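Peer 1: The following comprises the amino acid sequence and a computationally predicted model.
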Amino acid sequence: MEPVVRMRNIVKTFGSVRALQGVDLELYGGEVLALLGDNGAGKSTLIKILSGLHAPDSGEMQIEGRRVDWKHYSVAVARASGVETVYQERSLGEKQPLWRNVFVGRHVLKGFFRRIDVEREKAATMELLSGFLGLRGAGLNAESQVRTLSGGERQGLAIARAMYFDASIIVLDEPTTALGAGEVRKVLSFVDRIRSEGRCCVFISHELHHVHEIADRFAVMERGRIAAVRDRSDTSLDELARLVLLGGAVPPTERKGEDV
Amino acid sequence: MKRLAAHYRLQMLITFALLLLWGVFAVASPTTFGGARIYRSFLSTIPVTLILALGMTMVVTLGEMDLCFPSVTAAAAYVFASLYSGFGVSAPVAALVALCAGALIGWINGLLVVVVGIPSIIATIGTQFFWRGLVLLAADGLAIALPELRGETLHFLLAGRIGEWGVPAQALWAVALALLLAFLLNRRPFGDAILFIGDNRNTAEMMGIPVGRVRIAVFALMGLLAAFAGILATFELNNWWPTQGEGYMLMVFASVFVGGTSAYGGEGTIYGSFIGAIIIGIIEAGIVSAGLVGFWTRLVHGLVILLSVSIYAMLARRRAR
């Protein structure tokens, strides 16, 4: 199976800090990949490169077989090529109505004055609300402000937006942090939907039990490198915890799959 | 219908406030407020504040401040006046150059904020003094009389009296600009970008909005509108004077905030600022014609501002729950 994203030898330094020291990573459709590691291990730098916020110093990336030209790669280009990143707390405009949040940066324009087609965008937003999010009759409408949504609903809206625009890779940055148990269940079910539609989800988290429940593969980062990649099928929760704690330096017991 | 009412609550509130104020003035001095003269006077004086308030609504919605605009009105109008009377440049060309000068000053403000990284309130305090100083030096502190302006076609277009009612042309410009900016803010991706940047600059960046470009463009737009307001004031009085624009600073902010635009950015209403500017604009005339001394004006301005922003703050708190 061809990977959706292939990253090769990605290097990034900030001043004298070597944030990424040659990262190789493949992402596949229909899988949830958990990206793990301590703070400062390079997870968020890697994600920012994938989503077009940073350009690496060197390295190569292919999205669906096509090589990315770093000079012309930006957030807008990343979104257009199917990479959608949902940053905790930063992916939605709190005071803006839901419909603006769904279509921000990608409005449907009509007429001679190229005006925003508000009716169509609101209708599509209502469909997402009652369909994907299952919030029919929750007192919400397309004009509701984002600040009236719960944490889980916000994650859901951002994920729904990514799926509406047909993203092939959806990156979730700590989507379950600071959520109650019921909200976590909601988010994990949204993640499951991403996978069942054949898309790829990159799930960044410190909450190992959430990750172990939902992910198909785990990639553990340590000091700017991918220290280990494991399949869920041969990694117990305990083992995963030890991997993360020791930065991937666990003697292989019954290794299969594609280790680095 | 109920949803519509909730959505336009702010707009209805401010409209009601204007009607109430007008009602009070009409009862207090029926002769003045029953005749056409005072309205014609309003229609010639309010548009300048109004146009500045429209631009400021965009700036405040973006989450920024611009304290430079009074100097921009003076500087741009000076460019016009000196080109027209000193160098014999035709009025339309001089006006066009003046508009460009205003946009350029606004653009420089934008660069100081976005590229150099100075908080806008501080950067524009600096540029406000700088351009005022430059203009005072260039004009040697003297006014420029422009009596020959009266004969220009452009004078009729910008400050003429139109139709049998003698509607001041600048009022029509103000209405047209309000419609244009409301469209820009609410129905164009540019306005969407302003709303999201004002809401949360990080979010806007993550959504692929060209944050820096939009911020600079809004400052340039404010400069352009300030220049236009300065040109209108100059045509109305056929005179340029070195302290032009100074009286507008607080009136413009009062109009924007009375209108219901949030000082925190991310939310703004052009309609609110439109009505806000009218409210602020009629208070003085209303008070004087009611037989009170002019000193009451400031007190009432203060009361209206405090009352309206208190109501908005309470509404916002209730909605946040």
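Peer 2: Looks like it came in fine. Residues are numbered from 1 along each chain as shown, chains lettered A, B, ... in the order given.

Peer 1: which residues of the stretch 51-200 of chain A fall in helices?
Peer 2: Remark: helices of the stretch 51-200 of chain A, listed N- to C-terminal, are A:75-80, A:98-103, A:118-130, A:151-164, A:181-196; assignment by DSSP state H, counting those that start in this stretch.

Peer 1: most packed of those helices?
Peer 2: Of all the helices of the stretch 51-200 of chain A, helix A:98-103 carries the top mean neighbour count, a mean of 25, counting by mean count of other CB atoms under 10 Å in any protein chain shown. C-betas here are computed from N, CA, C, even on glycine.

Peer 1: what about that helix, average pLDDT?
Peer 2: The average of the pLDDT scores along helix A:98-103 is 96.

Peer 1: and the residue in chain B that chain A sits nearest to, what pLDDT?
Peer 2: Across chain B, the shortest distance to chain A (CB to the nearest CB) belongs to B:Gly208, at 3.5 Å. Each residue has a pLDDT score; the one for B:Gly208 is 88.

Peer 1: Turn the helices of the stretch 51-200 of chain A into a markdown table, including distance to chain B.
Peer 2: Below are those laid out as a markdown table (distance: least, CB to the nearest CB, whole Å):
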| stretch | distance to chain B |
| --- | --- |
| helix A:75-80 | 4 |
| helix A:98-103 | 6 |
| helix A:118-130 | 7 |
| helix A:151-164 | 10 |
| helix A:181-196 | 19 |
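
Peer 1: So what's the gap between whichever strand or helix holds A:Asp238 and the chain middle?
Peer 2: For A:Asp238, the element it lies in under DSSP states H and E is helix A:237-245. From the chain centre to the centre of helix A:237-245 is a distance of 22 Å (CA atoms, centre = their mean, to the nearest Å).

Peer 1: Please spell out which residues along that helix are buried.
Peer 2: Residues of helix A:237-245 classed as buried under the neighbour-count rule (16 or more other CB atoms under 10 Å in any protein chain shown) are A:Glu239, A:Leu240, A:Leu243, A:Val244.

Peer 1: what's the spacing between the first one and A:Leu246?
Peer 2: What it means is A:Glu239. Distance from A:Glu239 to A:Leu246, counting by CB to CB, to the nearest Å: 11 Å.

Peer 1: Point out the residues in the stretch 151-260 of chain A that sit beside chain B.
Peer 2: Remark: no part of the stretch 151-260 of chain A is in contact with chain B, using CB under 8 Å from any CB of the partner chain.

Peer 1: Might you list the low-confidence residue ranges for the stretch 151-260 of chain A?
Peer 2: Low-confidence segments of the stretch 151-260 of chain A (pLDDT under 70): A:248-260.

Peer 1: what do you get for chain B?
Peer 2: Applying pLDDT under 70 to chain B flags the ranges B:1-7, B:319-321.

Peer 1: Walking through it, point out its strands one by one.
Peer 2: For chain B, the strands defined by DSSP state E cover B:144-145, B:161-162, B:167-168, B:239-240.

Peer 1: Compile the ones you listed into a markdown table and extend it with columns for mean neighbour count and distance to chain A.
Peer 2: Formatted as a markdown table, the entries for the strands of chain B read as follows, by neighbours: other CB atoms under 10 Å in any protein chain shown; distance: least, CB to the nearest CB, whole Å:
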| stretch | mean neighbour count | distance to chain A |
| --- | --- | --- |
| strand B:144-145 | 16 | 39 |
| strand B:161-162 | 14 | 26 |
| strand B:167-168 | 20 | 27 |
| strand B:239-240 | 22 | 36 |
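
Peer 1: give the contact list for A:Ala123.
Peer 2: A:Ala142 (CB atoms under 8 Å, 6 or more residues apart in numbering or on different chains).

Peer 1: Report how many residues lie close to B:Val135.
Peer 2: Other residues within reach of B:Val135, judged by other CB atoms under 10 Å in any protein chain shown, total 24.

Peer 1: who in the stretch 1-150 of chain A is up against chain B?
Peer 2: With CB under 8 Å from any CB as the criterion, the stretch 1-150 of chain A comes near chain B at residues A:51-53, A:74-76, A:78-79, A:85, A:87, A:90-96, A:100, A:104-105, A:107, A:109, A:113-116, A:118, A:141, A:143, A:145, A:147.
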